[in-house]
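coordinates for the following, if possible.
(chains A, B and C)
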Amino acid sequence: MGYRLPEHFVTHCLRGAGQVFFMENALSGVCFLLAIAYASFDTGNWSTTLGALLGLAVATGTAYLIDSHDSAIAKGMYGFNGILVGVAVPTFLVAGPVMWVYLILGAAVSTVVMDAFSNVVSKNWGVAASTGPFVLTTWLLMLGAYAFSNLPIAAMGPPKLPLALANSAFMGLSLLDTLVVVCRNIAQVFLLGNAVSGVLIVIGLLLESIPAAIAAVMGSLVALFCAMLFGADAGAVKAGLYGFSPVLTAIAVGVIFMQTGPKVLLFALLATVFTVIVQGALDTLLAPVGIPTFTAPYVLAMWLFTLPKAQLQPHPHAPSPDAKISKIK
Amino acid sequence: MGYRLPEHFVTHCLRGAGQVFFMENALSGVCFLLAIAYASFDTGNWSTTLGALLGLAVATGTAYLIDSHDSAIAKGMYGFNGILVGVAVPTFLVAGPVMWVYLILGAAVSTVVMDAFSNVVSKNWGVAASTGPFVLTTWLLMLGAYAFSNLPIAAMGPPKLPLALANSAFMGLSLLDTLVVVCRNIAQVFLLGNAVSGVLIVIGLLLESIPAAIAAVMGSLVALFCAMLFGADAGAVKAGLYGFSPVLTAIAVGVIFMQTGPKVLLFALLATVFTVIVQGALDTLLAPVGIPTFTAPYVLAMWLFTLPKAQLQPHPHAPSPDAKISKIK
Amino acid sequence: MGYRLPEHFVTHCLRGAGQVFFMENALSGVCFLLAIAYASFDTGNWSTTLGALLGLAVATGTAYLIDSHDSAIAKGMYGFNGILVGVAVPTFLVAGPVMWVYLILGAAVSTVVMDAFSNVVSKNWGVAASTGPFVLTTWLLMLGAYAFSNLPIAAMGPPKLPLALANSAFMGLSLLDTLVVVCRNIAQVFLLGNAVSGVLIVIGLLLESIPAAIAAVMGSLVALFCAMLFGADAGAVKAGLYGFSPVLTAIAVGVIFMQTGPKVLLFALLATVFTVIVQGALDTLLAPVGIPTFTAPYVLAMWLFTLPKAQLQPHPHAPSPDAKISKIK
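Numbers count the residues shown, from 1 in each chain, chains lettered A, B, ... in the order given. This next block holds a predicted model:
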């Protein structure tokens, strides 16, 4: 019950930030928040940083309110979806009073959805909900924005029928360009197109897990190679949009949810390559409704690749199997 | 086994009508049928009332035929999806011989889908299938109609890419207008844009559960307020199209599936507000394929908000957990 | 463990071909491969036959590598999704080096997805994964192809908004035409528009199960009748595109997953008719993203119609309930 004391609230929130990359570490969380703040500093748009802090606090606080499992709250399991909702909403919608209401509602709902997903994918299927609740909640918020005139869209869409990409016009990348894209791939997990943010995130990973940091960089490289092999859109590849989901898949399948070893690494490689394909696929699928994929390619690939062994593996990133609203009255 | 005697068939059907609003009460069902009939009288189009009766009878009869669980049949658990299929088909398709065949097939399938859903969402996940089977079955019927020339479309679509709503042109509502919309929100659960039908439904609710009637009216008001706050399309709001799913969410989360109390009421409020967002989201999502959302916003929100506590709550609206086709040969 | 010896590999692959039609019989598999080869001979395009063999070998081999359950491998449970991936990719994409890499990746992933699906739909819900893994994997590959310039599309799309079919212009079919369509409906399970291939498939069925062969032909006839009754597009009907999923539903629900008997036959008839509606529905649903339905109408209908009785029926076509990657390290 000590966990519920207000003095731990900030720690639980910071761990929530860390859990976006599976790190139950408040210092990692600080690094990730610095990554977001640096991108805000760079663009001059601080609404994403404010949104991140607000989303983190609201989602974690909602978990207290609906009596989610104490130990899961303490691990930061209710912050990582909320912080992503908080970054995404001001990235894609125009800031304004109604948008902030919308963001707060979304962050609160992300905690409910986390408990809902945990009840299905964790308890019944034995895999982690991970950022699935963020994806579902924010998809609904973004789709809803098209229907609501007081929530004008800043940067997504317009909805259009997919067109087969004729020519990616990829001319090869210099070593420097490659490094920049590798970092951007990592930064885009937080929806940041900023290479320095990517470096800050890798530092945050190193504070807690060297294998996770290595998996992030390797996953980023594999994704870049595959995107070029398949001939993905050069602009999207350079912006890091083909890499963020594979980065998460590489860490999740290679390090977090399975016991690292030669066979698992090969398995994680296949999962990472497949995530690039899923990224292209979901870009096509969502084109007619004009919303971003968010981390859905990672979530889908991670589920498909961890479900086969679900019952044999530890799930440090997942909430306790009996996580639930236990005392709502 | 006495339940299966033909003389109970009409009672089981009427309870099925009542269960659209979670009422296991044949008299409530009579009121709801009167609400449908009144709307038919008002428009002069009796095919929806005929469809309702046919859908109710076919779906309930199919449950007998495939040996669904007796006590679930007796509670009306196989009628509420069928009656909604029966109202929806003649609302959106042109009446004709093939349409009636289509309606009968759809109503029969809705019972199979009810047993299928129950096996997944009720037995495995511990939440109610509710109108999910109606939504899935009727979505497939409506999507199919685009592909079948003998099933001409009366009133839906055309498929189009979503466009961000620029201006809802909402000028405020008079008290009378507000009352009318509050009633229409309730009537639209049965796809009726008729305020008097809404009043008849509230009377049906009062016959069985005063809290449910209060939740319906409060949910309707909350939905109207949120739709105006977000700036939803004024025409759709006035027609009651932003309110019917939130009305069901308010009753389901606030009264039926959870123990009413201060925290649950706050939880139900969040669920109801979120349902308005989901309504806008699904309107956007389905625009390119030109079909209505039906009660999908309610079903999705209800699942997300009842899954967290699924194992701790009674499910009076759900079929018995062991409902199944037990003796098919 | 003897199953794992290389000398059984070919047998396991051939059984995998047979399992597309639920036949755990290597000779049936040979007939089905001949059906594919005949169509290649007829069109002069051998890439589909090569893809079939490659997909079959890669998917089955991947099952060995990820330590899937031996007895499931021996039954051919990891070949039938791979062979379908292998036929589909060169049918819809232009052959080339990147396409072959794509096909091999897809076939390998189909085995992972098979184990993932088995963990959810077989272990939790008690129904067969069947060709669900093929559908999901190949949908992702096809959607991805729109985003990748090195994977040009040969024959699908273009994405378009669905338009209500005004007139199917169906003039009735001669007896010969009817026979040809009945055979094409069966051949299209392997994406072949060739009536002779359909005959070869029926021969393959007769080698193992006369009831299955009868169900295939009856399902094909029922589908043709319903497609004409509803007024489906005449060209699609004649090409066999309204029949292949109903054929599978008829065999699955009428013979394989339930105990054949009068009530089950009526139930299978309803399932088969409903599959025709789902075919039209999914054609509409997928039009905006320009991908084929594959066997999704069958998979959806089969799940909905076998879930109600899941716990009471044998599942000879499904992998062992404890199939899993058991020794990945």
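
give me every residue in the stretch 51-200 of chain A lying close to chain B.
Applying C-beta under 8 Å from any C-beta of the partner chain, we find that the stretch 51-200 of chain A lies next to chain B at A:65-66, A:68, A:98, A:101-102, A:105, A:108-109, A:112-113, A:115-120, A:124, A:139-153, A:157-161. (Glycine included, C-beta is placed from N, CA and C.)

restricted to helices, list the residues you listed.
Using DSSP state H, the members of those that fall within helices are A:65, A:98, A:101-102, A:105, A:108-109, A:112-113, A:115-117, A:139-147.

out of these, which end up buried?
Among those, the ones that count as buried by 16 or more other C-beta atoms under 10 Å in any protein chain shown are A:98, A:101-102, A:105, A:108-109, A:112-113, A:115-117, A:139-147.

that older thread, out of the residues of the stretch 51-200 of chain A next to chain B, which touch chain C?
Residues shared between those and the neighbourhood of chain C are A:124, A:161 [C-beta under 8 Å from any C-beta].

which part of the stretch 101-250 of chain A gets nearest to chain C, residue-wise?
Relative to chain C, the nearest point of the stretch 101-250 of chain A is residue A:231 (3.4 Å; C-beta to the nearest C-beta).

that residue: neighbour count?
When counting by other C-beta atoms under 10 Å in any protein chain shown, one arrives at 22 neighbours for residue A:231.

could you verify my assumption that it touches residue A:164?
No. In this structure, residue A:231 is not within contact of residue A:164 by C-beta atoms under 8 Å, at 10.9 Å.

list the contacts of residue A:260.
Contact partners of residue A:260, counting by C-beta atoms under 8 Å, 6 or more residues apart in numbering or on different chains, are A:211, A:254.

three-state assignment of it?
Following DSSP: H, G, I helix; E, B strand; the rest coil, we place residue A:260 in the coil state.

state the distance from it to residue A:219.
Note on residue A:260: its distance to residue A:219, by C-beta to C-beta, to the nearest Å, is 13 Å.

shared neighbours, the two?
Both residue A:260 and residue A:219 are contacted by residue A:254, under the criterion C-beta under 8 Å, 6+ apart.

can you give me phi and psi for residue A:93?
Main-chain dihedrals, residue A:93, degrees, to the nearest 10: phi -110, psi 160.

neighbours of the closest residue to it other than its chain neighbours, how many?
Closest residue to residue A:93 apart from its sequence neighbours, by C-beta to C-beta, 6 or more residues apart in numbering or on different chains: residue A:99 at 5.1 Å. Using other C-beta under 10 Å, residue A:99 has 22 neighbouring residues.

swap in residue A:30?
16.

show me the contacts for the closest residue to it other than its chain neighbours.
Once flanking residues are discounted, residue A:30 sits nearest to residue A:14: 6.0 Å by C-beta to C-beta, 6+ apart. Taking C-beta under 8 Å, 6+ apart, we find residue A:14 in contact with A:26-27, A:29-30, A:33, A:76.

mind giving me the PyMOL select for the residues you listed, buried ones only?
Restricted to buried positions by 16+ other C-beta under 10 Å, the PyMOL selection for those reads:
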select buried, chain A and resi 26+29+30+33+76
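
could I get the contacts of residue A:14 as JSON lines with secondary structure and pLDDT?
Converted to JSON lines, those look like this (DSSP: H, G, I helix; E, B strand; the rest coil; pLDDT from 0 to 100):
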{"residue": "A:26", "secondary structure": "helix", "pLDDT": "92"}
{"residue": "A:27", "secondary structure": "helix", "pLDDT": "92"}
{"residue": "A:29", "secondary structure": "helix", "pLDDT": "94"}
{"residue": "A:30", "secondary structure": "helix", "pLDDT": "94"}
{"residue": "A:33", "secondary structure": "helix", "pLDDT": "96"}
{"residue": "A:76", "secondary structure": "coil", "pLDDT": "89"}
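
now the contacts of residue A:14 as CSV including distance to residue B:134?
Converted to CSV, the contacts of residue A:14 look like this (distance: C-beta to C-beta, whole Å):
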residue, distance to residue B:134
A:26, 47
A:27, 51
A:29, 44
A:30, 49
A:33, 45
A:76, 40
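
and which of the contacts of residue A:14 is nearest chain C?
Within those, proximity to chain C (C-beta to the nearest C-beta) peaks at residue A:76, which comes in at 27.0 Å.

residue contacts, residue A:250?
Counting by C-beta under 8 Å, 6+ apart, residue A:250 touches A:215-216, A:218-220, A:222, A:268, A:271-272.
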